[in-house]
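> What shape does this take:
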Amino acid sequence: VRLIGPVGCGKSAFIAKVIGTADQAIGHELCPGSYTQDIVTTRYKVGNSSDVVLVDTPGFGDINLTEIQILHKISKWLHQTYKKKVFFSVILCFQPINDNRIRWASWSKPHLLHELCGNDAKAQIALVTTMWDVVEERLGIERLMELKELWKPKFGRGSKTFCYQNTRESGEELLRAVVNGSMNS
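Next up is the predicted model:
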């Protein structure tokens, strides 16, 4: 499961929350770039199901890495992983619901996200909204409707949208949907 999105959108915090680690540095400091500078993998067992591998990536919009450099890192890592006959089926695109702008260019270039699926043509792309705990619910719902309208034409009407509530339970619910294949609805 690859996690992508802009700097500060909550990818690393999502992983830390789900696996139960308390990394105090994630999201609590004013930093000039992405917390994650390289590809970081974490294996996690979802309930009684099989393990999933969560793949954290540097955030788009990082002042230290261009989008091309980030995509190159991901592509290189995927190539090495595919050589080992390990394939991934899901890309989770994180977007803070409290942002009033789309901060990463990949939104305007959906083919880049599809290319990140690599050789696995069955890969699913899902939108995961974050930061629900720091936005007024009414505004969050309005933004979610806007994001869905932007998302559908680019990634298909069948693609899934999740509202991550910054809790372990919410993260596990999302990962169960990934494992159970309910990403298709």
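> What number of residues are in the vicinity of residue 139?
Residue 139 is flanked by 12 other residues according to other CB atoms under 10 Å. Just so you know, the C-beta spots here come from the backbone N, C-alpha and C atoms, and that holds for glycine as well.
> which SS class is it?
With DSSP: H, G, I helix; E, B strand; the rest coil as the basis, residue 139 sits in helix.
> and the gap between it and residue 73?
According to CB to CB, to the nearest Å, residue 139 and residue 73 sit 34 Å apart.
> Equivalent analysis for residue 95, please.
Residue 95 is 21 Å from residue 73, where distance means CB to CB.
> Could you check which of the two has the larger neighbour count?
For residue 95 versus residue 73, the count of surrounding residues by other CB under 10 Å is larger for residue 95: 25 against 16.
> Which strand or helix spans the closest residue to that one other than its chain neighbours?
Leaving out its chain neighbours, the residue that sits closest to residue 95 by CB to CB, 6 or more residues apart in numbering is residue 129, at 5.6 Å. Assigned by DSSP states H and E, residue 129 falls within strand 124-130.
> ok, residues contacting that strand?
Strand 124-130 is touched from outside by 5, 9-10, 14, 89-97, 113-114, 117, 140, 143-144, 147-148, 151, 155, 159-164, 166, 174, 183-184, with contacts defined as CB atoms under 8 Å, 6 or more residues apart in numbering.
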